[in-house]
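Sequence first, then the predicted structure, then my questions.
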Amino acid sequence: MSNENKTIHDFELNLICDFFSNMERQGPGSPEVTLKALGFTDNLNDKSLIADIGCGTGGQTMVLAQNVPGKIIGLDFLPNFIEIFNRNARQLGLQDRVKGIVGSMDNLPFQNEELDMIWSEGAIYNIGFERGLNEWRKYLKTGGYIAISESSWFTDERPAEINKFWMDAYPEIDTIPHQIAKICKAGYLPVATFILPENCWTEHYFALKIAAQEIFLNKYAGNETAEEFSALQSVEEELYRKYKEFYGYVFFIAKKIRQ
Ligand SMILES: C[S@@+](CC[C@H](N)C(=O)[O-])C[C@H]1O[C@@H](n2cnc3c(N)ncnc32)[C@H](O)[C@@H]1O
């Protein structure tokens, strides 16, 4: 398989983890956008319980924690990310309210109706947007919010090159109206939808990758797979710059209004 045809799924998890653990966040986003999404929610108090699913090393979780009352559980299936997450929480003095646990988003360790809010930035694609919305709903209290960022098409038609890239990487990517329809179908009230600004990709994601890439390539000097993985990161950036009018990340905030 040529590198051109590889997607992130073709690489070992350890390698992926090693690359991204050198970054403050593992997907496009920013503190401003996390706070903007948070602004569409309400009703949190000291007793609230929030889950951040696919939290990575917790870039967005710590921003949340500094701006909401209650407890936050960050869940990710990579133990290294959770170790860094808990270290970050301790360094910020948030360890009493913020805890990272290793777990899988397709088998969440929560009770029915236990959560006041479900947060998930750039991670639901691992289970699939529709499946995640449906399966996670039971853990949310009636009146609770779900806030998710997910890659989405901005147009009904797009150039073949970018269409193929996404069909190989994540065929469930969809247009914004279709995503909203899925939110309604899963039994939530859509509250707000907004496109993440470009700086979430350029400044808060691609720029951080440069330093991560350097550390990674030094560590894996001469390792062909690692070099290929690193090169794929540059392909993703080039594609984004070329086709950003056709796709991007979108934040969806919705409310569970009935049981
Ligand atoms: C693109 S990263 C986003 C991380 C973080 N939310 C952010 O925005 O920086 C996706 C995250 O989902 C996690 N993940 C993938 N599959 C998972 C699963 N089945 N259960 C839990 N976490 C998973 C990955 O380890 C990774 O941390």
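Structure's in. What do you need?

ok, which stretches of this structure are strands?
49-53, 71-76, 98-102, 115-121, 140-153, 174-175, 189-195, 247-255 (DSSP state E).

in the worst-scoring helix or strand of the chain on mean pLDDT, what counts as buried?
The weakest-scoring helix or strand in the chain, judged by mean pLDDT, DSSP states H and E, is helix 13-20 (a mean of 90). By neighbour count with 16 or more other C-beta atoms under 10 Å, helix 13-20 contains the buried residues 15, 17-20. Every C-beta, even on glycine, is put in place using the N, C-alpha and C of the backbone.

go on, stretch 193-205?
193-197, 200-201, 204-205.

again, but for stretch 73-83
73-76, 78, 80-82.

Also stretch 82-92?
In stretch 82-92, counting by 16+ other C-beta under 10 Å, buried: 82, 84-86, 88-89.

Residue 252: which of these is nearest?
residue 85 (23.6 Å; C-beta to C-beta).

Quickly note the distance from that closest one to residue 34.
15 Å (C-beta to C-beta, to the nearest Å).

Residue 50 now?
Counting by C-beta to C-beta, the gap from residue 50 to residue 34 is 12 Å.

Settle it for me: which of the two has more neighbours?
residue 50 (26 against 23; other C-beta atoms under 10 Å).

My guess is the more buried one contacts residue 72. True?
Yes: in this structure, residue 50 is within contact of residue 72 by C-beta atoms under 8 Å, at 4.6 Å.

so what sits against both of those two?
Counting by C-beta atoms under 8 Å, 6 or more residues apart in numbering, the contacts common to residue 50 and residue 72 are 64, 119.

for the closest residue to residue 208 other than its chain neighbours, what are its contacts?
Closest residue to residue 208 apart from its sequence neighbours, by C-beta to C-beta, 6 or more residues apart in numbering: residue 23 at 4.8 Å. Each residue near residue 23 by C-beta under 8 Å, 6+ apart is listed here: 57, 208-209, 212.

same deal with residue 209?
Here residue 209 is in contact with 23, 233, 237 (C-beta under 8 Å, 6+ apart).

again with residue 25
Contact analysis of residue 25 by C-beta under 8 Å, 6+ apart lists 56-57, 59-60, 121, 204-205, 208.

With pLDDT as extra columns, can I get those in JSON lines?
As requested, those are arranged in JSON lines below (pLDDT from 0 to 100):
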{"residue": "56", "pLDDT": "97"}
{"residue": "57", "pLDDT": "97"}
{"residue": "59", "pLDDT": "97"}
{"residue": "60", "pLDDT": "98"}
{"residue": "121", "pLDDT": "98"}
{"residue": "204", "pLDDT": "96"}
{"residue": "205", "pLDDT": "96"}
{"residue": "208", "pLDDT": "93"}
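
near the ligand, from those?
The subset of the contacts of residue 25 lying close to the ligand, counting by C-beta under 6 Å from any ligand atom, consists of 56, 59-60, 121.

Closest one to residue 185 out of those residues, please.
Nearest to residue 185 among the ones next to the ligand among the contacts of residue 25, with distances taken as C-beta to C-beta, is residue 121, at 22.4 Å.
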